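S.K.: model this:
(one chain, ligands or ions: 1)
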Amino acid sequence: MSSIQAVAKQDILAIVDSYKDENTPLMMILSEVQNKYGYIPLEVQEIISEATGIPVATIYGVVTFYSFFSLKPKGKYVIGVCLGTACYVKGAQQVCDKFSEMLKIKPGETTEDGLFTIDALRCIGACGIAPAVSINGKVYPKMTVDKVPQIIAEYRNAEGGKA
Ligand code: FES
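M.R.: Modelled structure (predicted):
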């Protein structure tokens with residue numbers, strides 16, 4: 001993923017401009033920037049603010065409220081642990097804690113090697129297979145604490161054991 005600092009301001013302005021006819025463009029602008037670059041740092045929020053007239057504080061509030069948006073670059077593998085009600089009652093918190101313990105990061109953080117990010121999610125629409133974990137879009141059904149080490153090992157092995 002390209003460093004967002006290296007991206008021309010023009011690119012961000014072009015995204016903002018493409019939504020200029022929308023009444024409430026902020027979510028669309030932020031979604032496109034997030035999808036394209038993987039995160040929305042403060043410098044970019046300032047560019048969006050200048051171009052739209054929306055205060056930085058408002059933009060910052062939206063970026064930090066929705067877990068889909070991120071202020072920092074995410075890891076190569078984004079582990080989304082659903083903590084929605086159906087998953088929670090079946091032990092999702094313990095699964096999340098196990099990922100945190102093994103990777104030594106909290107939800108929302110990324111490992112120093114840039115390999116893993118843990119995201120705590122709300123219902124991902126897979127309640128029938130709760131507790132559900134999604135890693136880069138691949139869904140792991142009926143997760144248990146015991147499965148966590150093996151899943152982490154699989155991704156580390158895919159990196160040739162260098163992680
Ligand atoms: S609550 Fe986890 S998938 Fe619905």
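
S.K.: Look up how far the ligand lies from Gly160.
M.R.: Spatial separation of Gly160 from the ligand under the definition C-beta to the nearest ligand atom, to the nearest Å is 32 Å. C-beta: built from backbone N, CA, C; applies to glycine.

S.K.: Next, count neighbours for that residue.
M.R.: Using other C-beta atoms under 10 Å as the criterion, Gly160 is surrounded by 7 other residues.

S.K.: for Val95, same thing?
M.R.: 25.

S.K.: for the one 5 residues further on, same thing?
M.R.: Here the count is done by other C-beta under 10 Å, and Ser100 has 18 residues near it.

S.K.: ok, it touching Ile118?
M.R.: Yes. Contact criterion C-beta atoms under 8 Å: Ser100 and Ile118 qualify, at 6.3 Å.

S.K.: Residues of the protein that sit close to the ligand?
M.R.: By the criterion of C-beta under 6 Å from any ligand atom, the positions of the chain lying close to the ligand are 82, 84-87, 123-127, 130, 132.

S.K.: Which one (most neighbours) among these?
M.R.: Cys82 (28 neighbours).

S.K.: dump the residue contacts of that residue.
M.R.: Listed by C-beta atoms under 8 Å, 6 or more residues apart in numbering, the contact set of Cys82 reads 92, 121-124, 126, 130-134.
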